[in-house]
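**Student:** Need a 3D model of the sequence below.
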Amino acid sequence: MNKGIPTNAKIGIFVAFVLVLLFWITFRISGGSLFGRVQGYTITAVFDDAQGLNTKTGVFIAGIKVGDIDSIKLHDDKALVTLRIWPGVVIGENAKAIIRSKGLLGEKYIDIVPGSEAAAPLSPGERMLFTESPPDFAELMDRLDAITDNIKSITQSLNEVFGGPKGVETIKDLVDNLNKTVKHMDRLVTSTNANLNSTFDSVNAFAKVLKEQGPGLLTSLAQVSGELHTIIAANKKSIDKTISSISDASEKLDSTLANLQEISDEIKEGKGTVGKLLTDEKTQKEVSRAISGLSSMIGGTSRFRTIIDYRSEYQFAYKDVKSYLNLRLQPTWDKYYLLGIVDDPTVYPPTTTTNNSLSQLKINAEIAKRISYFTFRGGIIESTGGIGVDIGPPGGHIKLSADLFNFNERPNPELKTMLSISILRYFLLSGGMTDILNSATRTWFFGLGLSFNDEDLKSVFGLAASAASANSK
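**Tutor:** Below you'll find the predicted structure:
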């Protein structure tokens, strides 16, 4: 009787162990996606050029793979790349996606450079604000050719200089000029730093004065708004006459535009100094490179967003429409400044008849600060001092708002609550109740609106410029 393990059984156990080991290694290399797509969330990024990328391209942070490309689509003549990020990996709003290569001719991958730790995380489906595409290979070759030509020219000049009797003196003069240039640049940098420090001190002083005199300024602005409305109503005839004068000026402007068209045609044909500057290919290339470099330098360090929205609310108790037009200037993700006008057909005390002439033009001027899911606002709300708060996730499509203002005219301040929803990125749907604390003027309302940011405005102006260029051709 053989008490040992048969040879066939030993071979079978060894093969099974090798298969299990290979299965485990394959599972780890595939990132846990052997039987299906890796779980996680998706974000999008827009690149000028996505050549070399595919759905197998990896996404890395600090050299560590954190996801893959999910899809690549064409969007407004640019590449819209959808990134699938693995669970547990957080990407900030001010992070930057850069297309890089592994070596000179290696495969492409996307490198995400994290932003500041205080930045809010991107939600699933949101778009990254900062991206960088690699330079085109043909452009690099053109630059390399230009550098080669310059080197040849310099080499030829040096040969001519060294061949002459004054070669050493010429080189000394060149070194002296370089030393003078370096000293001049050093003085220029010192002067620039001093001017920047002076500017920062002035801004700090202005902020201090604004903090101390802000409440009085808001009261004065409310009084000025009321007086301005009275002046406009009392001078309606003069305003009509002014509009008539503007119409006459418009006719003269048409004649001026015709003259400008003639000048534009001459510039297009290359006549005059400006025309030669715009039609010379060499000058255009140099200016384009300078602008491109400046844009890359500025784009990597700052981001100033502009948002314009228009909203109309139907007031059920008054059976009339109240309209808002707002301009929001957002220097950073967590604060912004809001300026706007309000066309308010309602009056207080309420009347039983509808009279469109009673509409009032009011102003909004607010300062806002975001803290987590809360955005606190303060300033002038509908030509009176007021405060407000917005509740919603960063970059979310649903927002709950509350405003408290108008502390003087009514028995109680005006309290307005509103729930707003962003639909298809550009459309706003809102509803709620206004003047909740005053039963005589309390009413429900329903609103519709539009919203555009600076990227949308640049697209519109870009299309308009292209259409104008096509018409001129």
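**Student:** Count the residues that sit near G67.
**Tutor:** G67 has 25 neighbouring residues, counting by other CB atoms under 10 Å. Where C-beta positions appear, they are placed from N, C-alpha and C, glycine not excepted.
**Student:** Now tell me what touches whichever strand or helix holds it from outside.
**Tutor:** According to DSSP states H and E, G67 maps onto strand 64-75. Residues from elsewhere that reach strand 64-75 (CB atoms under 8 Å, 6 or more residues apart in numbering): 31, 38, 40, 42, 46, 50, 53-60, 79-86, 89, 110, 112.
**Student:** Just the CA atoms of it, as CSV, please.
**Tutor:** Presented in CSV, the C-alpha positions along strand 64-75 are these (Å, rounded to 0.1, in the frame of the first residue of the first chain):
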residue,chain,number,x,y,z
ILE,A,64,0.0,56.6,-9.5
LYS,A,65,-2.8,55.4,-11.8
VAL,A,66,-6.2,56.6,-10.5
GLY,A,67,-8.5,55.9,-13.5
ASP,A,68,-8.9,55.5,-17.3
ILE,A,69,-10.5,57.4,-20.2
ASP,A,70,-14.1,56.3,-20.6
SER,A,71,-14.9,58.0,-23.9
ILE,A,72,-13.7,60.7,-26.3
LYS,A,73,-16.1,62.8,-28.3
LEU,A,74,-16.0,65.9,-30.6
HIS,A,75,-17.6,69.0,-28.9
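**Student:** What pairs with that strand, parallel or antiparallel?
**Tutor:** Strands that pair with strand 64-75, judged by DSSP bridges, come out as strand 58-61 (antiparallel), strand 78-85 (antiparallel).
**Student:** And the average pLDDT for that strand is what?
**Tutor:** Averaged across strand 64-75, pLDDT comes to 93.
**Student:** And the strands in the stretch 301-450 of the chain, which stretches?
**Tutor:** For the stretch 301-450 of the chain, the strands defined by DSSP state E, counting those that start in this stretch cover 305-315, 320-332, 335-344, 360-371, 374-381, 384-391, 398-405, 414-423, 427-434, 443-453.
**Student:** For N179, which of these is the nearest?
**Tutor:** Minimum separation from N179 across the strands of the stretch 301-450 of the chain (CB to CB) falls at strand 320-332, 41.3 Å.
**Student:** packing partners for the top helix by length along the chain?
**Tutor:** When the chain is parsed with DSSP state H, its longest helix is helix 167-234. When contacts are defined as 3 or more CB pairs under 8 Å, 6 or more residues apart in numbering; DSSP states H and E, helix 167-234 packs onto helix 137-163, strand 360-371, strand 374-381, strand 384-391.
**Student:** Turn the ones you listed into JSON lines, including distance to I436 and mean neighbour count.
**Tutor:** Below are the helices and strands packed on helix 167-234 laid out as JSON lines (distance: least, CB to CB, whole Å; neighbours: other CB atoms under 10 Å):
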{"stretch": "helix 137-163", "distance to I436": "61", "mean neighbour count": "11"}
{"stretch": "strand 360-371", "distance to I436": "19", "mean neighbour count": "16"}
{"stretch": "strand 374-381", "distance to I436": "15", "mean neighbour count": "19"}
{"stretch": "strand 384-391", "distance to I436": "14", "mean neighbour count": "18"}
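**Student:** In a markdown table: the ones you listed, plus mean pLDDT.
**Tutor:** Converted to a markdown table, the helices and strands packed on helix 167-234 look like this (pLDDT from 0 to 100):
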| stretch | mean pLDDT |
| --- | --- |
| helix 137-163 | 72 |
| strand 360-371 | 93 |
| strand 374-381 | 95 |
| strand 384-391 | 94 |
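**Student:** export the ones you listed to JSON lines and tack on distance to K236?
**Tutor:** As requested, the helices and strands packed on helix 167-234 are exported to JSON lines (distance: least, CB to CB, whole Å):
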{"stretch": "helix 137-163", "distance to K236": "60"}
{"stretch": "strand 360-371", "distance to K236": "13"}
{"stretch": "strand 374-381", "distance to K236": "25"}
{"stretch": "strand 384-391", "distance to K236": "25"}
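**Student:** Give me the distance between stretch 314-321 and the centre of its chain.
**Tutor:** How far stretch 314-321 lies from its chain's middle: 36 Å, per CA atoms, centre = their mean, to the nearest Å.
**Student:** neighbouring contacts of that stretch?
**Tutor:** For stretch 314-321, contacts defined as CB under 8 Å, 6+ apart pick out 312-313, 322, 345-346, 350, 354, 434, 441-447.
**Student:** could you list every residue that touches T434?
**Tutor:** Applying CB under 8 Å, 6+ apart, we find T434 in contact with 315, 414-417, 442-443, 445.
**Student:** what would the residues you listed look like in TSV with neighbour count and distance to A233?
**Tutor:** Converted to TSV, the contacts of T434 look like this (neighbours: other CB atoms under 10 Å; distance: CB to CB, whole Å):
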residue	neighbour count	distance to A233
Q315	20	22
E414	23	23
L415	18	29
K416	21	26
T417	14	32
R442	14	28
T443	18	25
F445	20	26
